[in-house]
Structures are given as C-alpha cells and as structure tokens.
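*Asks:* Please work out how this folds:
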Amino acid sequence: MLGFYELQLIILISACLLFLLVERHVSTRKRTTAKDHDPDRLENGGSTTPVNALATLTRRYLVVYAIVMGADWLQGPYVYSLYHEQYELPERMVAVLFVTGFMSAGLTAPLVGVWADQHGRRKLCLVFCFTYLFTCFCVTIPYLPILLLGRIAGGISTSILFSVFESWLVSAANSLTIPSSDLSTIFGRATLVNGFVATAAGVVSNQFVSLTHSFVSPFVASAALLVLAYVVIKASWTENFGGSGGATIVGGSDPFQLKRLAQAWRIVRADPMLLVIGLTQTCFEGSMYLFVFLWVPSLQEASPTFPAIPLPLGYIFSSFMISMMLGSLLYTVICAWAPGSPTDSSLTIHAKLSSIVCAVSGLALAVSVRSPEESTRFWAFCAFEACVGAYYPVQGMLRGTLIANEHRATLSALFRVPLNVFVVVSLLTGVSSARHAVLSVSSLMLSFSAIMTAFFLVGRTEDVILPEQNHRPA
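*Replies:* Numbering: from 1, shown residues only. Have a look, this model is predicted:
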C-alpha cells in the first residue's frame with residue numbers, strides 16, 4: 001500500500017505531465033502564430049531574428065545551465081551530513097561554516113558583477129568552474145581551515161552562478177535582437193530544466209552515497225560535471241561585456257572597481273523600480289534559503305509517527321522539485337496565453353506576476369505556520385516551491401528588461417548583498433530553534449514585497465517600454 005508521500009508524489013508527477021502537454025500545445029500554437037505576425041522582430045532593423053539563432057542560443061544556454069545546476073544540486077543534500085555526521089563537527093561549527101559561505105557570497109557579490117561586466121561574462125563563468133571545483137576539493141579534506149577556505153570559494157561561486165550566467169544570456173539575446181517573449185520562454189525552460197536536474201541529482205547522489213558509504217562521493221561527481229561545464233562553455237559560448245567592458249583602461253588604477261560600484265549604486269538609488277526588484281530578491285530568495293533549513297524539522301514536528309517512523313525525505317524532496325517544475329510550466333503557459341496589447345504589455349504582465357508570486361508564497365508560509373497538520377504543511381510547502389519555479393523566470397525577465405546592459409551583472413550581483421546579510425543574520429539567531437518566528441517573518445516580508453511591487457512597479461512599467469525597445473540591441 002502506498003504511503004502518504006508516495007501517493008502525493010504520484011499525483012504531482014501526473015499533474016506535471018498534464019501541464020507539460022498543455023505547455024507543448026501552447027508553445028506550438030505560439031510559434032505558428034509568430035510566423036505570420038511578429039511586430040517585435042520587424043521593429044529591430046526591419047528583419048526578423050532567424051529561428052535557428054533562437055534555437056541555438058536556447059540550446060547553448062540550457063546545456064550549460066543543466067550541467068552547472070546539476071553540479072550544484074549534487075552537493076546540496078549532503079553538505080550538512082558530511083560536516084556533522086561523517087566529519088563529526090558540532091552543530092555550532094557547521095553553522096559557522098554555512099555562515100562563512102553566505103558572508104563570502106555577500107562580500108564578493110558586487111565585485112563579481114563588476115568584474116563580469118568589465119572583463120567578460122563568459123570569462124567569469126569559466127572562473128566559476130575553477131572556484132566551485134576548488135570547493136569540491138576542499139570538502140574532501142576534513143581539516144577545519146581547509147573546510148572554511150572551501151566555504152569561501154563556494155560563496156564566490158554562488159555569486160557567479162546566480163548573476164553572471166543570467167547576464168550572459170540576456171546580453172546574448174539582445175545582441176541577436178530576440179524579443180522579450182522568446183527570452184521569457186528561455187527563462188521558463190531553464191527553471192523547468194532545473195527541476196528535472198534537481199530531481200535526477202537527488203536520486204544520483206543518493207545512489208553514490210549508498211554505493212560508496214561516504215558523503216564525499218556526490219562532491220566528486222559534482223567536480224566531474226564542473227570540468228565538463230568548463231569544456232562546453234569554452235567551446236560554445238561567445239564573450240559579451242558591459243558598457244565599457246573589454247577595455248583595459250580601468251583595471252590597474254581601480255582593481256576593485258569602486259567607482260563603477262558607486263555609479264551602479266547611484267543608479268539603483270535613483271530608480272524606485274530597481275529598488276523594488278532588489279527588495280523582492282532579498283525577501284524571496286532569503287525566505288527560500290531559510291526554507292531549506294526549516295522544512296525538515298517543520299514536517300517532523302507535525303508528523304504523528306516521527307521519530308518511530310522516519311520521514312521519506314527523498315520522496316518529499318522530489319515532490320518539492322516537481323512542484324517547482326509545475327510553477328515554471330504555469331509561468332510559461334500564462335506568458336503564452338497572456339494578451340499582448342499595449343495596455344497589457346509583457347513587462348506589465350511580469351510585474352503583476354512578481355507581485356502575485358510574492359503574495360502566494362507569503363500566504364503559503366503563513367498557512368504552514370498556522371496549521372499543525374502534516375498534510376497541510378506539506379501542500380503549503382509544495383505551493384511555496386511552485387512559487388519558486390515561477391519566481392526565477394519572472395525575476396530574470398524583469399532584471400533583463402529594466403537593467404541596462406552596461407551594469408547588468410553589477411546590479412544583479414549587487415542585489416545579492418542584502419540577501420546574504422538577511423540570511424546570515426537569521427542563521428546567527430538560530431533558525432531551527434525559532435522556526436515558527438522565522439517563517440512568520442518571512443511571510444510578512446513576502447507580503448510587504450508583494451505590496452511594494454504592486455504599487456511601485458506595476459503602475460510604472462508602461463513608461464519604460466519604449467526606452468527598453470531603444471536599448472535592446474545592446
């Protein structure tokens with residue numbers, strides 16, 4: 001007889017397959033319509049973007065994205081177990097290691113963005129392969145200074161992974177004059193691919209641990225994927241820069257690019273829409289990172305059979321990943337079906353979706369706090385993960401549209417500074433011992449972000465459509 005979580009996983013997989021069929025039908029109809037009428041393409045110099053150019057860019061990005069996210073997901077489930085169970089480090093020291101990683105990410109994020117804009121996004125993506133490979137190497141040595149060094153390298157790698165890769169894609173799409181609707185499709189498919197990869201990585205890493213009886217083995221597999229990612233990026237990606245990138249006039253006099261950072265901060269401070277985007281990133285991704293620490297004890301607390309019968313964490317994790325894929329598919333279907341009239345543009349739709357995603361995710365966390373029922377908490381967490389699946393393509397489109405190419409990677413990385421500060425402060429206050437309070441605060445912050453987005457972003461999006469079209473071929 002199937003248990004509760006096995007049955008829920010089957011239901012989620014069935015729903016995901018149904019949405020895949022719907023998304024495929026909608027995408028096919030959209031491509032057929034675009035052949036006869038596509039004004040966005042004709043406005044860019046009077047010629048259409050070749051279909052094979054879009055397909056080539058999509059394939060090049062998604063292949064690399066799948067490899068690097070696979071390398072990341074292979075490590076995720078076993079970092080804590082490796083430190084605490086295999087290396088027998090006390091929980092306080094494990095918390096110090098995690099905080100070190102987040103602090104490293106927060107301190108290096110703005111520099112990573114500046115260096116990417118100045119010296120090349122492709123080059124920084126290649127650097128990511130080296131830094132994350134070094135992280136995997138450090139993890140295999142049970143010596144505290146080496147482990148701390150590995151967490152520092154891991155923080156740098158995280159900053160590159162979640163800002164520079166996206167900046168490369170947006171700039172490459174702009175150089176090909178690819179319309180925003182097609183770019184949003186790439187973002188949606190990237191999140192869908194991420195869900196598939198995460199689900200597969202969880203199964204593969206579990207098999208590696210079962211065969212080797214060591215939590216180190218997933219990190220060795222991750223290192224192999226990073227080598228493969230380096231080869232693929234080197235062979236298939238072209239270089240792109242920020243506004244004055246590629247020139248060697250600034251490096252010697254200002255190696256940390258402080259002037260460029262100050263200029264980027266002035267841009268953010270002067271634009272309420274960019275401030276709201278940064279607020280949304282801090283609230284949502286901060287809540288998401290804290291959720292990683294909280295979902296297991298929250299479900300264990302609600303389970304009437306725990307600890308006599310342990311929770312099937314693998315099935316639960318797979319359910320969350322399927323939920324994330326459902327959110328990504330729902331986003332793709334909404335974007336394909338949404339009207340494209342001047343009063344409801346693509347940018348306006350994404351601003352509204354950003355507000356809705358924050359509101360629903362805040363409600364989901366609130367329900368998980370209020371309800372003592374295990375099944376209710378599980379489905380609330382699944383709803384939160386579905387919002388994660390929609391959040392990444394929505395936020396990627398907003399950043400890609402509203403941030404000029406000159407400072408795209410810089411600003412994207414700059415937004416990660418308050419995010420990492422938020423997570424570090426929460427970890428230092430002890431999230432596991434105060435999980436209800438942390439989830440409640442996260443719910444309130446997400447609700448606040450939804451309100452700010454509705455008031456300061458949705459109403460202003462129409463004013464930036466024409467300028468966005470003007471700088472699209474950056």
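
*Asks:* CA atoms for contacts and neighbours, from now on please.
*Replies:* OK.

*Asks:* Which pLDDT value belongs to Ala66?
*Replies:* For Ala66, the pLDDT comes out at 96.

*Asks:* That one against Leu192, yeah?
*Replies:* No. Using CA atoms under 8 Å, Ala66 is not in contact with Leu192, being 10.0 Å away.

*Asks:* Start from the N-terminal end of the stretch 251-400 of the chain and give the helices.
*Replies:* Using DSSP state H, counting those that start in this stretch, the helices found in the stretch 251-400 of the chain span residues 258-270, 272-302, 313-337, 346-370, 374-402.

*Asks:* er, the stretch 1-150 of the chain I mean
*Replies:* Going by DSSP H, counting those that start in this stretch, the stretch 1-150 of the chain shows helices at 4-36, 39-43, 51-75, 79-81, 91-119, 121-139, 144-161.

*Asks:* Report the buried residues of the third one.
*Replies:* By that I understand helix 51-75. The neighbour-count check on helix 51-75 (16 or more other CA atoms under 10 Å) flags 54, 57-58, 60-62, 64-75 as buried.

*Asks:* hmm, back to that, can I get the helices of the stretch 251-400 of the chain in a markdown table including mean neighbour count?
*Replies:* Shown next, in a markdown table, are these (neighbours: other CA atoms under 10 Å):
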| stretch | mean neighbour count |
| --- | --- |
| helix 258-270 | 14 |
| helix 272-302 | 20 |
| helix 313-337 | 23 |
| helix 346-370 | 23 |
| helix 374-402 | 23 |
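
*Asks:* Val99 is nearest to which of those helices?
*Replies:* Ranking the helices of the stretch 251-400 of the chain by proximity to Val99 (CA to CA) places helix 272-302 first, at 12.0 Å.

*Asks:* low-confidence ranges in the stretch 151-300 of the chain?
*Replies:* Counting by pLDDT under 70, the ranges of the stretch 151-300 of the chain that qualify are 243-261, 264.

*Asks:* quick one on the thing from earlier: which one of the helices of the stretch 251-400 of the chain lies nearest to Leu148?
*Replies:* Checking the helices of the stretch 251-400 of the chain against Leu148 by CA to CA gives helix 272-302 as the closest, at 19.7 Å.

*Asks:* which other helices and strands contact the closest one?
*Replies:* Counting contacts by 3 or more CA pairs under 8 Å, 6 or more residues apart in numbering; DSSP states H and E, helix 272-302 is packed against helix 258-270, helix 374-402, helix 416-428, helix 435-456.

*Asks:* chain center to the third one, what's the gap?
*Replies:* Read that as helix 416-428. Relative to the chain's own centre, helix 416-428 is displaced by 16 Å; criterion: CA atoms, centre = their mean, to the nearest Å.

*Asks:* what does the second one give?
*Replies:* Between the mean C-alpha point of helix 374-402 and the mean C-alpha point of its chain there is a distance of 10 Å (CA atoms, centre = their mean).

*Asks:* Report all helices and strands that it contacts.
*Replies:* Right, helix 374-402 is packed against helix 164-175, helix 180-212, helix 272-302, helix 313-337, helix 346-370, helix 408-414 by 3+ CA pairs under 8 Å, 6+ apart.

*Asks:* Understood, closing this out.
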